[in-house]
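> dropping the sequence and predicted coords here.
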Amino acid sequence: MDGAAERVRIPPEMALYAEKHEIFDLLQCMVRSLMVDKPEEPIEYLIELLSRGRTEVPRIMVLGPPASGKRTIAVQLCEHTKAVHITASNVLKEDTRLTREARHLRDIQKEIPCELWIKLIQQCLSKVDCIRQGWVLEGIPHTRQEALLLQEVGIFPEHVVMLEAPDEILIKRSLAKRMDPASEVDMKLEQQQGFLSEDDIASQLIKYHQEAHALQRTYKNCLKVVKSDQSQDEVFAQVLSHVQCKPRSMAPHTPRVLLFGPPGSGKSLQAALIAQKYNLVNICCGELLRAVSADETSMGELIKPYLASGEPVPDSMVLQIMTERLSRLDCTARGWVLHGFPRDIKQAKMLYEANFIPSRVFFLEVTDEVASEVVTLRAVDPITGERYHSLYKPAPSPEIEARLQHNPRDSEDRLRSQLKQYSASVPALKAMYPGALSINVDQDPHAVFETLESWLVQRVTTAGLPGVVMDVKEGGSL
């Protein structure tokens, strides 16, 4: 990519808007609906689709062997989600040519062909209430063949729940339900002539198990297997937790990571590890300012005196430099990890007002004693440029040790002042980013990185953003 392309500026609010309103997922849903339904008037179809108020509705399958509790769970799900409950019996209730043909086959005790059965399900799910409210299929599909045919006609569940329990328990449940005259009899039992014997129930279970593993493979990406030999409340809690999880989004993920921490906390190391593994742009404020100062630009000339004297560069200049860098194409396309800025609540608010809002914020925490040990005992070889540390990486020979030089910026007095300033800023910064994660870094750096990574790989959603709170005063109170 040439230099001109690198300087392309993409407004940060574009990515924020797309994330906030889940634009990628919306477009994906629209295209998927078009390809499945194939309407004659695509534009009118999309207008009607968007006018429903929500494009994503529940599409749930509840599977399981006889007496596993499918009916109870399906009813509870429908009550909770307002979706339409679809069972094998109400698929046949409609008075259409297809349903009449299917009922006739059932009455003469012939098996309904799989292709006809799929057409009936498709007919049922194409009703307005199923389209607008979503659906819960109970005990459908029965076989892998049915599942594949459903996929061919564009019927894909968002979530599949498969209930399971030991066969002994299922047989006892079936016999107990059959023998209880006060309870409501299951729809399927009403259709049978006479009661099922224990052998008949066992035969049904064998038939179910022959298909269960194939169904699990078919829906493995959206499947949750739940043990139903526990209390009804526990079963439903697990099922509800599963169906409330949004499927993994395929939206482009461009992390915006902000690292806070005192000197000696390892911000530079962790930023480098994150940037290397996830191909993010590593932006260190200090290094960026020095790079700009080395350029023959008007801004570089303006900040040179501050860097030479050791005085802080004015916030307005730092923000201008930071805005230009974060707006470049590489940061917008790949994401970034920023450290060294902001240093206080004033700078954090300036960054927010410039529309650079991080998707992940981390505070690297370390005691003053450890920070002092890390910073004040480090030195550099002026000949080779190699860095050494009195405890962690001592010089390999007395000759090298004799020529090591310590950076005046690593003095004990200067470090003490920096730690004091950082400690004073932390409460306000944490109040501004309530969703931030604090990590104790007094451990192996790779263990710290694993913790950071576990939070980085999670999907960034509107609810998962660090929840910036703007009305934070300098002292950190709201």
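Received it, and whenever you're ready, just let me know what you need.

> please enumerate the helices of the stretch 201-350 of the chain.
232-243, 267-278, 285-294, 298-309, 315-326, 329-334, 345-353 (DSSP state H, counting those that start in this stretch).

> ranking those helices by mean pLDDT, which is last?
For the helices of the stretch 201-350 of the chain, mean pLDDT drops lowest on helix 329-334, to a mean of 87.

> closest one to Leu77 among the helices of the stretch 201-350 of the chain?
The minimum distance between Leu77 and the helices of the stretch 201-350 of the chain falls on helix 232-243, with 6.7 Å, by C-beta to C-beta. (Glycine included, C-beta is placed from N, CA and C.)

> pull the residues that contact that closest one.
Helix 232-243 has contacts (C-beta atoms under 8 Å, 6 or more residues apart in numbering) with 58, 60, 62, 69, 72-73, 76-77, 80-81, 158-159, 161, 163, 224, 226-228.

> among the residues you listed, which ones are in strands?
The strands, defined by DSSP state E, take in Ile60, Val62, His159, Val161, Leu163, Lys224, Val226, Lys227 from the contacts of helix 232-243.

> any weak-confidence spans in the stretch 351-478 of the chain?
Within the stretch 351-478 of the chain, the ranges that satisfy pLDDT under 70 run 458-478.

> next up, phi/psi of Gly139, please.
When read as degrees, to the nearest 10, the backbone of Gly139 gives phi 70, psi 20.

> how about the nearest residue to Pro312 once chain neighbours are set aside, what does it touch?
Counting by C-beta to C-beta, 6 or more residues apart in numbering, the nearest residue to Pro312 once its immediate chain neighbours are dropped is Tyr306, at 6.8 Å. Neighbouring residues of Tyr306 by C-beta under 8 Å, 6+ apart: Pro312, Val313, Pro314.

> so how far is Leu452 from the first one?
Read that as Pro312. From Pro312 across to Leu452, the span is 28 Å (C-beta to C-beta, to the nearest Å).

> repeat for the second one
For Val313, the distance to Leu452 equals 28 Å [C-beta to C-beta].

> between the two, which one's more packed in?
Just comparing Val313 and Leu452: by other C-beta atoms under 10 Å the higher neighbour count belongs to Leu452, 23 against 19.

> which secondary structure element contains the more buried one?
helix 445-456 (DSSP states H and E).

> and the direction of that helix versus that of helix 267-278, what angle?
Comparing the axes of helix 445-456 and helix 267-278 via axes from the mean of the first three to the mean of the last three C-alpha atoms, to 10 degrees yields an angle of 60 degrees.

> what segments of the stretch 51-200 of the chain are strands?
With DSSP state E, counting those that start in this stretch as the criterion, the stretch 51-200 of the chain has strands at 59-63, 84-86, 135-138, 159-164.

> make TSV from those and add distance to Met322 to it.
Listed next are those as TSV, based on distance: least, C-beta to C-beta, whole Å:
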stretch	distance to Met322
strand 59-63	44
strand 84-86	52
strand 135-138	50
strand 159-164	43
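
> just put these in JSON lines and tack on distance to Val441, mean neighbour count and mean pLDDT.
Formatted as JSON lines, the strands of the stretch 51-200 of the chain follow (distance: least, C-beta to C-beta, whole Å; neighbours: other C-beta atoms under 10 Å; pLDDT from 0 to 100):
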{"stretch": "strand 59-63", "distance to Val441": "43", "mean neighbour count": "26", "mean pLDDT": "94"}
{"stretch": "strand 84-86", "distance to Val441": "52", "mean neighbour count": "20", "mean pLDDT": "93"}
{"stretch": "strand 135-138", "distance to Val441": "47", "mean neighbour count": "26", "mean pLDDT": "94"}
{"stretch": "strand 159-164", "distance to Val441": "39", "mean neighbour count": "23", "mean pLDDT": "94"}
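
> Gln145: which of those strands is closest?
Nearest to Gln145, of the strands of the stretch 51-200 of the chain and by C-beta to C-beta, is strand 59-63 at 14.6 Å.

> packing partners for the closest one?
helix 70-81, strand 135-138, strand 159-164 (3 or more C-beta pairs under 8 Å, 6 or more residues apart in numbering; DSSP states H and E).

> got JSON lines for the ones you listed, with distance to Ser359 too?
What follows is these, written out as JSON lines (distance: least, C-beta to C-beta, whole Å):
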{"stretch": "helix 70-81", "distance to Ser359": "29"}
{"stretch": "strand 135-138", "distance to Ser359": "34"}
{"stretch": "strand 159-164", "distance to Ser359": "26"}
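
> the closest residue to Phe260 other than its chain neighbours: what secondary structure?
For Phe260, ignoring the flanking residues on the chain, the nearest one in space by C-beta to C-beta, 6+ apart is Phe363 at 4.7 Å. With DSSP: H, G, I helix; E, B strand; the rest coil as the basis, Phe363 sits in strand.
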